[in-house]
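Undergrad: I would like to see how this sequence folds:
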Amino acid sequence: MKKDFNHCESLYWVFTQLCNDKCDHCYNLSGPQGERISEDECLQIIENLPDKIDRIILSGGEPLAEKKLLYRILDALRERYADDAQIMLQTNGDLLTAEILDTLIEKGVTRLDIASIDRYHKHAGARLMDLAGLFESRGVNGDDKDPLIEKDTYLVKGKPLSWGYWGATDDMWLGGNWARGRALEKGNWKRDPAHNFCKVLSGGIGFLSGAEGIPQEISIQLWRINPCCPGTYKAMGDARREKVADVLARVAQSPVFQKINAGDPIGMGESVGIGREFAQARTEDLQNVCLWCDEFFRDYFDMETLSSRFEMSRIEHHVGY
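TA: The predicted structure follows:
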């Protein structure tokens with residue numbers, strides 16, 4: 001386990017939940033009334049990021065719905081990291097124009113991912129060919145398919161500008177992971193307790209150390225520091241007020257987060273008296289490992305003190321003793 005967290009391989013930052021769409025599968029309740037934070041808060045978060053980051057993925061919500069704030073963030077990131085951090089942008093593409101694309105490239109964005117090519121988004125991918133033409137007109141390469149997974153696609157400096165597209169599928173975005181937000185409210189999540197989202201990219205695995213084929217990646221939802229995109233029931237820390245490296249160093253001492261780092265949410269409670277058999281039974285009852293994670297951090301583990309907070313009677317109630 002690394003001890004110095006002032007170098008982070010990958011940061012996924014949802015800096016806004018404002019969006020021009022209101023998808024039924026959205027896990028963070030993005031939409032026209034989505035939660036937002038101020039420019040000052042964003043600048044403070046950038047100040048509190050690790051000293052070195054290999055890639056930064058900016059997402060939402062819809063980042064272009066807060067275009068002025070996005071541009072300010074891009075300027076601040078360039079001031080902080082120069083060209084040492086690869087900057088990626090995830091967008092639904094609805095608001096992207098030639099003028100905006102030119103500005104994004106000028107401000108250092110090297111990769112754009114159109115995350116809306118599916119039946120859940122408003123336009124369901126109808127702009128794909130128009131966007132392909134727009135990218136081609138600006139020399140943005142569309143052949144690089146896996147920049148979010150393969151380290152070679154973002155660690156090598158001087159790679160050409162690139163773009164890609166993807167969207168929600170029953171196997172991935174709805175495949176046991178997004179039991180959150182509007183997806184949970186609308187029932188758009190797959191009931192699959194066998195699916196361990198903690199062990200895949202954007203899950204908790206490797207958030208402290210990296211894992212085989214998976215970069216060390218953390219997620220910040222607005223200001224909430226999380227080990228994964230869905231996030232824990234309570235955030236590990238507040239990026240507006242705490243150095244992200246300090247938060248990671250603190251939780252790295254906890255056997256609970258060491259298990260999450262290993263992609264083992266069923267075993268994360270063992271150090272505080274929550275056995276695997278009980279955790280597995282609760283996951284089966286809830287039909288989703290992320291919902292078990294929520295219950296664990298709500299009822300059995302205190303995020304602030306990193307210690308047990310469960311009462312035996314609660315366990316007895318759940319298992320029917």
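Undergrad: Mind jotting down where the helices sit in the stretch 51-200 of the chain?
TA: All helices of the stretch 51-200 of the chain, identified by DSSP state H, counting those that start in this stretch, fall at 67-81, 98-106, 128-137, 152-155, 181-186.
Undergrad: how far off helix 98-106 does the third one point, in degrees?
TA: If you take axes from the mean of the first three to the mean of the last three CA atoms, to 10 degrees, helix 128-137 sits at 50 degrees to helix 98-106.
Undergrad: quick one, what contacts Gly269?
TA: Shown in contact with Gly269 (CB atoms under 8 Å, 6 or more residues apart in numbering): 256, 275, 278-279, 296, 300-301. All C-beta spots, glycine's among them, are computed from the backbone N, C-alpha and C.
Undergrad: Look up the closest residue to Ile73, ignoring the ones flanking it.
TA: Using CB to CB, 6 or more residues apart in numbering and skipping the chain neighbours, the partner closest in space to Ile73 is Cys42 (5.6 Å).
Undergrad: Make sure I have this right: that neighbour is in a helix.
TA: Yes - counting by DSSP: H, G, I helix; E, B strand; the rest coil, Cys42 is part of a helix.
Undergrad: where are the low-confidence patches of the stretch 51-200 of the chain?
TA: 119, 145-159, 168-177 (pLDDT under 70).
Undergrad: now with 50?
TA: Scanning the stretch 51-200 of the chain for pLDDT under 50 picks out the ranges 175.
Undergrad: just the strands in it please.
TA: Applying DSSP state E, counting those that start in this stretch to the stretch 51-200 of the chain gives strands spanning 52-59, 86-91, 109-115, 162-166.
Undergrad: Ok, which of those strands comes nearest Ile205?
TA: Smallest distance to Ile205 across the strands of the stretch 51-200 of the chain (CB to CB): 17.0 Å, for strand 52-59.
Undergrad: which SS class is the spatially most central residue of the chain?
TA: Residue closest to the average C-alpha location in the chain (CA atoms, centre = their mean): Cys229, at 3.0 Å. Of the three states, Cys229 takes coil according to three-state DSSP.
Undergrad: List the buried residues of the one helix or strand Ser219 maps to.
TA: Ser219 is part of strand 217-221 when elements are defined by DSSP states H and E. Across strand 217-221, burial judged by 16 or more other CB atoms under 10 Å covers 217-221.
Undergrad: strand partners of that strand, parallel vs antiparallel please.
TA: Strand 217-221 sits in its sheet next to strand 7-14 (parallel), strand 224-226 (antiparallel), going by DSSP bridges.
Undergrad: Mind putting these into TSV with mean pLDDT, mean neighbour count and distance to Leu64?
TA: Converted to TSV, the strands paired with strand 217-221 look like this (pLDDT from 0 to 100; neighbours: other CB atoms under 10 Å; distance: least, CB to CB, whole Å):
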stretch	mean pLDDT	mean neighbour count	distance to Leu64
strand 7-14	96	22	14
strand 224-226	98	20	22
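Undergrad: of all those strands, which lies closest to Gly213?
TA: Per CB to CB, nearest to Gly213 of those: strand 7-14, 12.4 Å.
Undergrad: okay, that closest one in CSV with CA atoms only?
TA: These are the backbone C-alpha positions of strand 7-14, laid out as CSV (Å, rounded to 0.1, in the frame of the first residue of the first chain):
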residue,chain,number,x,y,z
HIS,A,7,0.4,11.4,-6.9
CYS,A,8,-2.9,10.1,-8.2
GLU,A,9,-3.2,8.3,-11.5
SER,A,10,-6.8,9.3,-12.2
LEU,A,11,-9.4,11.6,-10.9
TYR,A,12,-13.0,11.5,-11.9
TRP,A,13,-14.7,14.8,-11.0
VAL,A,14,-18.4,15.6,-11.3
